[in-house]
Every structure is written in C-alpha cells, then in structure tokens.
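> sequence first, predicted coordinates after that:
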Amino acid sequence: EVITYKSDAELRIEFGNGSVIQFFSAENYDAIRGNGFHFLCIDEAGDALRDPKMWTDAIRPALSDKNGHALIIGTPKGRNQFFHLFARGEDEQHPEWEQFHAPSSANPYMPKSEIETAKNEVPDDTFQQEYAAKFLAEAAGVFKGIDACIHGELDPEYARVEGHTYVVGW
C-alpha cells in the first residue's frame, strides 16, 4: 500500500506520499539531465565522479532545480572530482559543505586484528586508500614516485649530442 509504482526497468519506486527513489548509472550521466532532486546520494564517488562534467553538467544543475542536497560517499580513488568536492568541506569559501572521514579503524564491527593483517598483506598505497581512506596523489596513475625522480636541471653541454636519440614520455 505504501508503494504505488515500481519498475525494475526504470530502477524507480514511487510512494503514496509523492516521494520517488530512482537509481541512475554513472555510465550515462546524461540520463540525469531534466530531473530535479531534493536529495541525491552518490555512492562509490571515487569511481562515479571520474568525469568532472558529471558533477558540473548534470548533477549540480539537477540539485539546483529543487535546492537539493547531496550525500557523496565512497572510497578515495586518487585526486579526482570526488577529492575536490571532499576538500570543499574544509574550505571557508564553501561553508555549505561538510566532510566526514571514516577509515576502517572507525568501524566497530571490523576487528583491529583484521586491519593489522591487511596492513601486512596488501601494498601500502592500497592500504592507505582502502583502509585508511586517504586520497593519494598517485593512486589513479600508472607510474608511482614520479615526484621523487624529478630533480636537477638540463645541462646545456648534454642537451644535444650528435648521434644520440632522446625520448621523453609524458
């Protein structure tokens, strides 16, 4: 009696009081266009918000239609759009934003021994991201430790040596 309409194809549930729960995929964020949201929850935002236009071109305007709010949750995945939105929670220029940090150690149902075991079994960057819930600068990249490799200046004497081929990847 509470649910007045349900569609598995549309991923939509409508209730007698006029409320609607609908699910959208990050794969096709254009499907969000034209909707207005009072409340929106983005789960696994580290994956879902890889394209910044999803937030700026689809989600943010849909929230504006109803002066809505968003709950953005997930595991950090590098310094992508999720990271930038999370950082607004400590920025005085965005007083309407709040951020919450919950590492696995804050979970009362996860034994401390499990966290210690994981720390010894998984690579450190994986542990920092998945268990400590930290945004890592290089987590989304293929190459690690680049900043530590960049030093010095180009010596003009070696800038061009006849018979040598120089290759740079960027």
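Good, I have the coordinates. Numbering: from 1, shown residues only.
> now the residue nearest the centre of the chain: how far from Tyr5?
Centre of the chain computed as the mean C-alpha position; nearest residue by C-alpha atoms, centre = their mean is Gly46, 2.2 Å away. Between Gly46 and Tyr5 the distance is 33 Å, computed by C-beta to C-beta, to the nearest Å. No exception for glycine: its C-beta is placed from N, CA and C like everyone else's.
> picking that back up, spit out the contact partners of the residue nearest to the centre of the chain.
With contacts defined as C-beta atoms under 8 Å, 6 or more residues apart in numbering, Gly46 is in contact with 74-78, 80, 82.
> try it again at 7 Å.
74-77, 80, 82 (C-beta atoms under 7 Å, 6 or more residues apart in numbering).
> drop anything exposed from the residues you listed.
Those of the contacts of Gly46 that meet the buried threshold are 74, 76-77, 80, 82, by 16 or more other C-beta atoms under 10 Å.
> identify, from those, the entry nearest to Lys53.
The shortest approach to Lys53 among the buried ones among the contacts of Gly46 belongs to Asn80, at 12.2 Å (C-beta to C-beta).
> that closest one contacts Asp51, doesn't it?
No: counting by C-beta atoms under 7 Å, Asn80 sits too far from Asp51 to count as a contact (8.9 Å).
> tabulate the buried ones among the contacts of Gly46 (TSV), appending distance to Ala9.
Written out in TSV, the entries for those read as follows (distance: C-beta to C-beta, whole Å):
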residue	distance to Ala9
Gly74	26
Pro76	33
Lys77	30
Asn80	31
Phe82	29
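> and those, which two are the farthest apart?
For those, the farthest-apart pair by C-beta to C-beta is Gly74 and Asn80; their separation is 10.5 Å.
> what helix or strand is Phe83 on?
Secondary-structure assignment from DSSP states H and E places Phe83 in helix 81-87.
> only the buried residues of the helix or strand just after that helix, if you could.
For helix 81-87, the following helix or strand on the C-terminal side (DSSP H and E) is helix 112-121. Neighbour-count burial for helix 112-121, with 16+ other C-beta under 10 Å as criterion, is recorded at Ile115.
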